[in-house]
Every structure is written in structure tokens, then in C-alpha cells.
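In: Output the structure for:
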Amino acid sequence: MKQILSILSLFLVLCFAATAQNGPGKKDSAGNKVAAIKIAYLTSKLNLSPEEAQKFWPIYNKYAEELRKVRNDARKNNTPELEVEEKVLAIRKKYNSEFSKALPPEKVNAFYKAEKEFGTMLKKEWMERRQKKGEKGARASE
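Out: Numbering: from 1, shown residues only. Down below sits the predicted model:
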């Protein structure tokens, strides 16, 4: 377990170092940081063995890329939300069988739950930061 945490820590340091090279204010930097934090969160929640991780992450990367493409296309084309959610669900169903080849069923289920939890935490953090930023702006204008 310590070895996995060491590898994960090294990975996170490398991710943050790579994103820092983009410079402050770059959109990629924030997205890469969130992705690195999500990877750490999922790794922790799923407690993946090295063998499971080796099988899981390549599948996850394809899954995440398909979801990203659907969401980006929807944003560009102003696609109705219901249609986007149907596409997302289709991707999740497709990858459920792929994830099941790499992980036992309880970990696949835990993955979907952890992914949802991460999204909720991210949204909460964003809202809190937005609220604090608004409070600072209100104080500055007084």
C-alpha cells in the first residue's frame, strides 16, 4: 500500500509540475489539476491493486475522453441537456462491461459512486470559492 501511495504522490507531483509550465491563468492548467486530483481521489476510493490499476486506467482514459468529447460537442452545438444525458448514459453502459473486465463488480459500482461523489465535491468547492470571491468583491467596493 505504501508503494502505491508513493507512486501516486510522485504522479501528482509530476502532474502539477507539468501543469505549472503552462503558466498562470491557462485553462489547461486548471483542467489538468482537477484531472490529477480526480485520479488520486478515485485511486483512494477504489483501493486498486497494481494489477487492477494497470487494467483500469487505460479503460478509464478512453471512457473519460468519450465523455469529454460528448460534453464539448454539446457545448459547441448547444445540444439539449436531455440528449446529452442520453449520450452520457450510453457511454456509461458501454464502459460498464469494459470496467467489469478489469475490476470486480463491487469496485465497478464503487467507481461510479466515487465519480459522482467527486463531481458533487467539485461543484461544492466551486460554489464556495465563487461565494468567497463575491464577498471579497463586495467588501472592496464598500
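In: Surely Leu48 touches Ala40?
Out: No. Applying Cβ atoms under 8 Å as the test, Leu48 and Ala40 come out as separate, 11.8 Å apart. In short, each C-beta sits where N, CA and C put it, glycine included.
In: what about the two, which has more around it?
Out: Using other Cβ atoms under 10 Å, the more surrounded residue of Leu48 and Ala40 is Leu48, with 20 against 16.
In: That one: what's its closest spatial neighbour, skipping adjacent residues?
Out: Nearest residue to Leu48, sequence neighbours excluded (Cβ to Cβ, 6 or more residues apart in numbering): Phe56, at 6.1 Å.
In: just checking, the one you found touches Ser100?
Out: No. With contact defined as Cβ under 8 Å, Phe56 does not reach Ser100; the gap is 10.8 Å.
In: out of these two, which sits in the more crowded spot?
Out: A count of neighbours by other Cβ under 10 Å puts Phe56 above the other of Phe56 and Ser100, at 24 against 13.
In: Which pLDDT value belongs to the residue nearest to Leu48?
Out: For Phe56, the model assigns a pLDDT of 96.
In: What distance do you get for it to Asn72?
Out: From Phe56 across to Asn72, the span is 24 Å (Cβ to Cβ, to the nearest Å).
In: for Gln54, same thing?
Out: From Gln54 across to Asn72, the span is 28 Å (Cβ to Cβ).
In: hmm, which helix or strand of the protein has the shakiest average pLDDT?
Out: In the chain, no helix or strand scores lower on mean pLDDT, DSSP states H and E than helix 2-20, which sits at a mean of 48.
In: Average pLDDT for the following helix or strand past that one, rounded please.
Out: Per DSSP states H and E, the first helix or strand lying C-terminal to helix 2-20 is helix 27-46. Here helix 27-46 scores 84 as its mean pLDDT.
In: Output the contacting helices and strands for helix 27-46.
Out: Packed against helix 27-46, as judged by 3 or more Cβ pairs under 8 Å, 6 or more residues apart in numbering; DSSP states H and E, are the following elements: helix 2-20, helix 50-77, helix 105-141.
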